[in-house]
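> pasting the sequence and the predicted model now:
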Amino acid sequence: MDLILLLLPVAAASGWLAARRSMRQHQERQCEADMDSAYYRGLNYLVNEQPDKAIDVFVGMLEVNSETVEMHLALGSLFRRRGEVDRAIRIHQNLIARSTLSADQRSQALLSLGNDYMKAGLLDRAEGLFEELVESKRQLQPALTNLKMIYQHEKDWQKSLEVSQRLDLLGGKGEGDDQAHFLCELAELAIKSDDEAQAESYLKQGLEVAPLALRPQLIMAGISEKRGACREAIVRFKQIADQHPNYIGEILRPMAECYRRSQQQSQWIEWLREIYANKRNIQVMLEIAHELENSEGADAAIEFLTSELANTPDLNGIHQLISMRMAQQGEHQSQFLQMINQFVERMAARQSAYLCHRCGFTTRTIHWQCPGCRSWGTMLPTETK
């Protein structure tokens, strides 16, 4: 009896503990069931493009279980995409403040907060977070990619180059082309400082990482022309014409000047006709007409343009033809011809000369970095006949 009396409290305590454990397990299962139901309800709202309702559901889930790190990250990213950057920043800052985060969770939160800062234009804060990630070797590729964007925005071409080189080692695509542009930016800064030797060094490096890149060749040809090495410049210009025929309009004027200085106008016209026979480029056609006007007179140039424009109509060509006709008439030019010329001139001015093949941005002049999508080397001439 004494033994039974001693065991009764133990049994009672055991029963109470078992009941409490069973109730707790039931509550946990119920909580998990509620969480799963809320999670799928939130996803359903997202799929049906009802982000406001999805946010309300996810916030409610966080109130039920504040330890759901992935849900915090997803919610913060959702706020950022909606443009509510302040809310995204608060969520990610609160997440980082937790001491219970694992190293991987903390690095994901730092990356998300850095993206928030970039979206808000707080580039110095974002830069600090991405540099911290790079130093810890976590989230390395996205952190370096973001740093590259920040350094380009700041026009820090040396740091942009160094980050691109690290991305190249990680298997990044297209980094060689970007590096060539960064080296060209450094070369142009060196040219402004009258340091042509340093500029040429950068340009040679650019051709090493991107042997067929247009921009380093174009700058090197310009350096040769500037210092009076016309033969060297002509060789470089011809190489550009062979490798990048669509960009021939970028070299015609400086190339013509080199031939003029070398007193080789006949060879220049001969080369133009050869190029035009292979690729009927409008800009080459206009250059031939210009040279014919200088060497053989306006009638020869007008006859050439009239014949070519009959097969290849072009507003710039028509404008040049009308201008030549008006110059011939002198003071007796008709008012109707003047009106037509002004109309064609306005129409030609509205035409885009370059188009970004990545985002569709159009412009009258070439930009090595697209102002729209910030991609390098994606602007193509719209005239590719």
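Sure thing, it's come through. Residues are numbered from 1 along each chain as shown.
> and His367, backbone torsions?
When read as degrees, to the nearest 10, the backbone of His367 gives phi -120, psi 130.
> I'd assumed Tyr354 was in contact with it.
Yes: contact criterion Cβ atoms under 8 Å: His367 and Tyr354 qualify, at 7.3 Å. Where you see a C-beta, it was placed from the backbone N, CA and C, and this is true even at glycine.
> find the residues that touch each one of those two.
With contacts taken as Cβ atoms under 8 Å, 6 or more residues apart in numbering, His367 and Tyr354 have Met379 as neighbours in common.
> which of those two has more neighbours?
Tyr354 (19 against 14; other Cβ atoms under 10 Å).
> which residues touch that one?
362-367, 379-382.
> ramachandran angles for Thr362?
Here is the backbone geometry of Thr362 (degrees, to the nearest 10): phi -120, psi 150.
> and for Trp376?
phi -100, psi 140.
> over to Arg227?
Main-chain torsions, Arg227, degrees, to the nearest 10: phi -90, psi 10.
> can you tell me the closest non-neighbouring residue to it?
Among residues not flanking Arg227 along the chain, Glu196 sits closest, at 7.4 Å (Cβ to Cβ, 6 or more residues apart in numbering).
> could you pull out the helices for the stretch 251-385 of the chain?
Ranges of helices in the stretch 251-385 of the chain, per DSSP state H, counting those that start in this stretch, are 252-261, 265-278, 282-295, 298-311, 315-329, 335-350.
> right, so these: which one is the most enclosed?
Of all the helices of the stretch 251-385 of the chain, helix 282-295 carries the top mean neighbour count, a mean of 20, counting by mean count of other Cβ atoms under 10 Å.
> same for it, what does it pack against?
helix 252-261, helix 265-278, helix 298-311, helix 315-329 (3 or more Cβ pairs under 8 Å, 6 or more residues apart in numbering; DSSP states H and E).
> same list (those helices) but as JSON lines, adding mean pLDDT and distance to Glu135.
Converted to JSON lines, the helices and strands packed on helix 282-295 look like this (pLDDT from 0 to 100; distance: least, Cβ to Cβ, whole Å):
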{"stretch": "helix 252-261", "mean pLDDT": "93", "distance to Glu135": "46"}
{"stretch": "helix 265-278", "mean pLDDT": "92", "distance to Glu135": "53"}
{"stretch": "helix 298-311", "mean pLDDT": "90", "distance to Glu135": "62"}
{"stretch": "helix 315-329", "mean pLDDT": "85", "distance to Glu135": "54"}
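> export those helices as JSON lines, with columns for distance to Leu169.
Formatted as JSON lines, those follow (distance: least, Cβ to Cβ, whole Å):
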{"stretch": "helix 252-261", "distance to Leu169": "37"}
{"stretch": "helix 265-278", "distance to Leu169": "41"}
{"stretch": "helix 298-311", "distance to Leu169": "51"}
{"stretch": "helix 315-329", "distance to Leu169": "46"}
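> count of residues packed around the closest residue in space to Ser107 that isn't next to it in sequence?
Closest residue to Ser107 apart from its sequence neighbours, by Cβ to Cβ, 6+ apart: Arg138 at 3.8 Å. The local packing of Arg138 (other Cβ under 10 Å) involves 16 other residues.
> from Gly121, how far off is Arg138?
Using Cβ to Cβ, to the nearest Å, Arg138 is found at 25 Å from Gly121.
> repeat that for Ala233.
As judged by Cβ to Cβ, Ala233 and Gly121 stand 43 Å apart.
> where along the chain do the strands fall?
Taking DSSP state E as the criterion, the chain carries its strands at 354-356, 362-363, 379-381.
> I'd like those as TSV, with distance to Ile282 and mean pLDDT appended.
Formatted as TSV, the strands of the chain follow (distance: least, Cβ to Cβ, whole Å; pLDDT from 0 to 100):
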stretch	distance to Ile282	mean pLDDT
strand 354-356	14	91
strand 362-363	17	89
strand 379-381	10	88
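> which among those is found nearest to Gly297?
Nearest to Gly297 among the strands of the chain is strand 379-381; the distance by Cβ to Cβ comes to 30.6 Å.
> using a markdown table, lay out the helices of the stretch 251-385 of the chain together with distance to Glu175.
Converted to a markdown table, those look like this (distance: least, Cβ to Cβ, whole Å):
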| stretch | distance to Glu175 |
| --- | --- |
| helix 252-261 | 30 |
| helix 265-278 | 33 |
| helix 282-295 | 32 |
| helix 298-311 | 43 |
| helix 315-329 | 37 |
| helix 335-350 | 37 |
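> convert stretch 172-186 to CSV, retaining C-alpha atoms only.
Output in CSV follows, covering the C-alpha atoms of stretch 172-186 (Å, rounded to 0.1, in the frame of the first residue of the first chain):
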residue,chain,number,x,y,z
GLY,A,172,30.5,34.7,-66.2
LYS,A,173,29.5,35.1,-69.9
GLY,A,174,30.4,38.1,-71.9
GLU,A,175,32.9,39.5,-69.4
GLY,A,176,35.6,39.8,-72.0
ASP,A,177,33.6,42.2,-74.1
ASP,A,178,32.7,44.3,-71.0
GLN,A,179,36.4,44.3,-69.9
ALA,A,180,37.3,45.7,-73.4
HIS,A,181,34.9,48.6,-72.9
PHE,A,182,36.2,49.3,-69.4
LEU,A,183,39.7,49.4,-70.8
CYS,A,184,38.6,51.7,-73.6
GLU,A,185,37.1,54.0,-70.9
LEU,A,186,40.4,54.0,-69.1
